[in-house]
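Asks: Structure for the following, please:
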Amino acid sequence: MSAKHFSNGNPAQPGGYGSDDEREQQLFDAVGDEGYGPDGSVYGSDTSTDAGFGSSEAGYGAGEAGYGAGNAGYGAGDDSAYGSNAGNPAYGAHAGGHFAGSDAYTDGGSHFAGGSGAGSYADTPSDDVSYSQPAAGVGMNDGFATMPSSDYSRDSGRYTSGGHHHHHHHRHLALKIVLAVLAVVIVAGGVVGFQVYQSVKQAKADAQTVAATGKELANKIKTGDTTGLSADAAKISQTVSKMREETDGPIWQALSHVPIYGADVAAARELLGVLDDVSANALVPAANNLDGVTMKSLVVDGGIDVETLQTLVNTLSSVFEPIKDAQTRVDAIGDTHIQQVTDLVSTAKSSLDAASTGIDVAQRVAPYLPQMLGANGQTRNYLLMAEQNAELRAAGGFPGAWGILSVTDGKLSMGEIKSVETMQNQSVEVTDEERYLFTNTSTLKIATRSGDTFGIMDFTRAASLVSEMWTMMYGDHIDGVAALDPVQLQYIMQVVGGVTLPDGTTVDGTNAGKFLSSDAYWNYPASETDGIFATVAQGVFSKLVDNTSSLDVQKFTEALTKGIDEGRFRLWFANDEENVLPKMLGATGAMPSDPSNPETAVYLNDYTYAKMGWYLDFKVNRGEATQNADGTTSYAMTVTMTNTMDPATLAKAPQYVTGAGTGGQKQNTGDIALRVYLVAPAGGSVSNARAQGGGLQLEDSSYEGVPVTFGLLNISPGETCTVTYTVTTPAEAQGKELAVHATPTCGEAQSVIANKQS
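Replies: The predicted structure is shown next:
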């Protein structure tokens, strides 16, 4: 059949509820050629004059039977709904002005009453069914269409004006009109519902395709295998475009205007539109640029391929605007009511926020990457410092060894790793505040001893001072400082392999932390330990430089990230603009400075010149947040420090481990003398500090404008010192979680770092 559409329901207009043939054509068009009946007709009609749609009796559902074939359809028999031939309850009063009135229509002769007004039937006192004169023709939802006169008669299935007819004709025709309109509503609703179901079903299948392909694409990026990346991106883009085209159709547009839940449909359609645009304008171009570019192609023998790295950075920059636009559109999506849609919108917002932030940072890093890698024949010198957190310093640990890593046009060159003892007595300027906090009544020499310089809790300050010391001693200009501890070395050795010492001892990814922080001091003469530390560090750094082409970049990145999260790797650049990189990595080790980004810290300095840090169990516990009336937020904090050395171990411990008797700040051979610093968030405070054990006496001070509460304690073997206090973040930080940093100790589980609550 040829396609026709329902009009506004006015039989006086083409395509309305007119002749039998027209009505039959429209209904069949609505449901399709297949029909709903067993013989291809609609709702069980047959070919007889008493059963078919559009029969000579005119109406949907012929004869006395009502809707459907014979006596089997709607309204058939004595007790059926939608009309009855025996006067039993039939299609009752409708709530609107369409069929409403005091009496319901039955086939037994009562009048058909309805409300007055445009497009409705009016009440009439007689048994005749009359119309009021409506103001204008209306659609299905507003009652029946405009009629040309107050009376109607049936002549060959058409409406005419004037004349009086027998009641049963009126009843037949009224019933058939009611059923005709009801059929249109039912069938139209069924068709639309079926189409929506089919559309949603197809959209779901397409979404599953996108999800599966997206997962495959993400895995390729994660593993560094970008082969076929452009094909995956194209598949995602094509499928999403198809989904968007489907949901841009009239059915979905109509559903967007459904009260209340239409907002969810509109939100889902907008999300698809965003995904389509991001796929076409960001994902596909980026994938085309990166197709075939692997992490191994980035890292080549002896260094980094600067050109490939620049391609990666430029690609990220090129997708910034599409991502930013998508972020703005998703943020503008209003309230939704269906939980799944709400969750989708929330996920999209957080994902786009993260992507936008990451790309923004990459754009800020991009201009400096070439110069940081010694582009155009320049040479950059980076000071690598291997810290020893068996001898704790606030910025990490006492640096036991150091050396220069040079980079020219991306090519790496590792110089000799030297014991820290090779550089002493270089005097640098420090502030009175630094002297008071870090050297007063102590033996720490932050201004003259390179290892002690790391006693300054702000790594950016300590790194700048130690770089000055190196230049004074050796003349090389230092462009940056990277510091890492034995546990970080162990993480790296899990990727690059171990180092064998001259005596055959293997130090690798299973034992480096323990060997360098404890075993070396028990098993070797004190005069050899610094050399052993330097040998291991040299071996690790040389492996990184000499075997870059075979380096598993993903695993190396994961090892570095783990160390950064635990505070075991810190990075600083002399050119402050380049410090955007350590800020991006979270590796600055700087003091809190942003009131809207709350950070607190607990730092420790060891004042014994011993290697007792291996026996320190150090934990930081952040309590639940309490909201204050002034918009600030308070946290109950608890710090515990336990000296785990037992009497048997103490009895046989080398002096190099326990320290020189009662020298320095020590009170007895086995104690650990620490200065503890409780650092407030920027714009916040530390209050109500109480200490139990260790003889700790606390006082309030500040450093770089940030409140600091500090004091000296001595923990004897088996003793625990507990400090409780309150950290309050400023109102500017409302809604943001307090991050916690701490000086890393020897064991992986001995400190709680960065946003983790024990």
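
Asks: which residues touch the nearest residue to residue 447 once chain neighbours are set aside?
Replies: Excluding its sequence neighbours, the residue lying closest to residue 447 (Cβ to Cβ, 6 or more residues apart in numbering) is residue 430, at 4.7 Å. C-beta here means a position set from N, CA and C on the backbone, and glycine is covered the same way. Residue 430 makes contact with 446-447, 456, 465 under the criterion Cβ atoms under 8 Å, 6 or more residues apart in numbering.

Asks: quick one: which two of those residues are the most distant?
Replies: Across those, the longest distance by Cβ to Cβ is 10.1 Å; it joins 447 and 456.

Asks: Neighbour count: the two, which is higher?
Replies: Counted by other Cβ atoms under 10 Å, residue 447 and residue 456 do not tie: residue 456 has more neighbours, with 28 against 18.

Asks: Please verify my assumption that that one contacts residue 465.
Replies: Yes - under the criterion of Cβ atoms under 8 Å, residue 456 makes contact with residue 465 at 7.3 Å.

Asks: between these two, what contacts are shared?
Replies: Residues touching both residue 456 and residue 465 (Cβ under 8 Å, 6+ apart): 430, 446.

Asks: Identify, from the contacts of residue 430, the entry nearest to residue 657.
Replies: Lowest distance from residue 657 to these (Cβ to Cβ) belongs to residue 446, with 24.0 Å.

Asks: so how many other residues sit close to the closest one?
Replies: For residue 446, using other Cβ under 10 Å, the count is 25.

Asks: Am I right that it is in contact with residue 438?
Replies: Yes - in terms of Cβ under 8 Å, residue 446 counts as a neighbour of residue 438; the distance is 5.3 Å.

Asks: shared neighbours, these two?
Replies: 455-456.

Asks: Now do the buried residues in stretch 623-630.
Replies: Within stretch 623-630, no residue counts as buried by 16 or more other Cβ atoms under 10 Å.

Asks: same question, stretch 668-680
Replies: 669-680.

Asks: okay, who's weakest in those by pLDDT?
Replies: Lowest pLDDT among the buried residues of stretch 668-680: residue 669, with 88.

Asks: For the closest residue to it other than its chain neighbours, give its distance to residue 608.
Replies: Spatially, and ignoring its direct neighbours in sequence, residue 669 is nearest to residue 658 (5.4 Å; Cβ to Cβ, 6+ apart). The span separating residue 658 from residue 608 equals 8 Å under the rule Cβ to Cβ, to the nearest Å.

Asks: go on, residue 299?
Replies: Distance from residue 299 to residue 608, by Cβ to Cβ: 42 Å.

Asks: got it, and residue 689?
Replies: For residue 689 relative to residue 608 (Cβ to Cβ), the value is 23 Å.

Asks: Just want to know which of those two has more residues nearby.
Replies: Taking other Cβ under 10 Å, residue 689 and residue 608 do not tie; residue 608 has more neighbours (24 against 19).

Asks: Can you check the pLDDT for that one?
Replies: 82.

Asks: doesn't it fall inside a strand?
Replies: No - Residue 608 is assigned coil when assessed by DSSP: H, G, I helix; E, B strand; the rest coil, not a strand.

Asks: And the pLDDT for the closest residue to it other than its chain neighbours?
Replies: Leaving aside its chain neighbours, residue 608 sits nearest to residue 659 (4.1 Å; criterion: Cβ to Cβ, 6+ apart). pLDDT for residue 659: 85.

Asks: Now the helix or strand where residue 657 lies: buried residues?
Replies: Here residue 657, judged by DSSP states H and E, is contained in helix 655-658. Neighbour-count burial for helix 655-658, counted by 16+ other Cβ under 10 Å, picks out 656-658.
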